[in-house]
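Colleague: just to be clear, the model below is a prediction. Sequence and coordinates:
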Amino acid sequence: MAAGGGGGGRACFVLGASGETGRALLRELLSRRLFARVTLIGRRRLSLPEESGAAVAVVDFERLGEHAAAFQGHDVGFCCLGTTRAKAGASGFVRVDRDYVAQAAELARAGGCQHFVLQSSRGADLHSPFLYLRVKGEVENLVQAVGFDRCTILRPAVLLCKRQESRPTEWVAQQFLGLVARVFPTAYSVPVETVARAMVATVLQPGEGKVEVLENGAIHELGKAVPQQGA
């Protein structure tokens, strides 16, 4: 299904569209009509207005190899897929944030994807003693090794958002970081909307080399380069 009249015939998919950044990214993609076809790949069907025009491919991530067809025929792949150790346990976190993402990248490349845009994290380092940062570093390496024509990795700091699910401790942290952001707007945090606009910006402009890693400050700059919808 076409996502509107723009896009020049190009197609993209989004992994992790049910998350905070993924939802913000989907809003950007659909409102800007950058692609003729937008496919959401996930483990469950999302509730979307029929007029959105986005296609939905429901897959079993434990048997992702059986869903190669879902990844066929996309020029660009956006990946915001991820969970937390608290929610999925240590092994579940590794499986989602590293294994699912790496396998999806391989299927995307085999399906013709040329540009893969990955949301990672500030401090990602495969040698880190901290599980979260080590896994993020590992998946970055795995995705780069797939051999996309272009690979863009975003490393945002703490994400500022209004979560749908209730996390009281995180809410307090969000309020504190929101205040800090007024003084140091690019140092410790970044709104998910800014990350989404930066992901869009990477598609709209030529890359600097085959692999490009964008740290938090660069994400803020790119997010500003793409005007907010309605501005």
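Modeller: Nice, I can see it. Numbering: from 1, shown residues only.
Colleague: over to Val213: give its phi and psi.
Modeller: Per-residue torsions, Val213: phi -110, psi 120 (degrees, to the nearest 10).
Colleague: how close does the nearest residue to it once chain neighbours are set aside sit to Glu212?
Modeller: Spatially, and ignoring its direct neighbours in sequence, Val213 is nearest to Ile153 (4.8 Å; Cβ to Cβ, 6 or more residues apart in numbering). Placement of C-beta: from N, CA and C, glycine included. Distance of Ile153 to Glu212, given as Cβ to Cβ, to the nearest Å: 7 Å.
Colleague: between these two, which is the more surrounded one?
Modeller: Ile153 (23 against 15; other Cβ atoms under 10 Å).
Colleague: within its sheet, name the partner strands of the helix or strand that contains the more buried one and how each one runs.
Modeller: Per DSSP states H and E: Ile153 is located in strand 150-154. The pairing partners recorded for strand 150-154 under DSSP bridges are strand 115-119 (parallel), strand 211-214 (parallel).
Colleague: can you put these in a markdown table and add distance to Ala145?
Modeller: Shown next, in a markdown table, are the strands paired with strand 150-154 (distance: least, Cβ to Cβ, whole Å):
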| stretch | distance to Ala145 |
| --- | --- |
| strand 115-119 | 12 |
| strand 211-214 | 10 |
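Colleague: how about the ones you listed, which one is nearest Phe61?
Modeller: Nearest to Phe61 among these is strand 115-119; the distance by Cβ to Cβ comes to 16.4 Å.
Colleague: what residues does the closest one touch?
Modeller: Residues outside strand 115-119 that contact it (Cβ atoms under 8 Å, 6 or more residues apart in numbering) are 16, 21, 75-80, 82, 101, 105, 108-109, 139-140, 143, 146, 148-154, 156, 195, 199, 202-203, 207.
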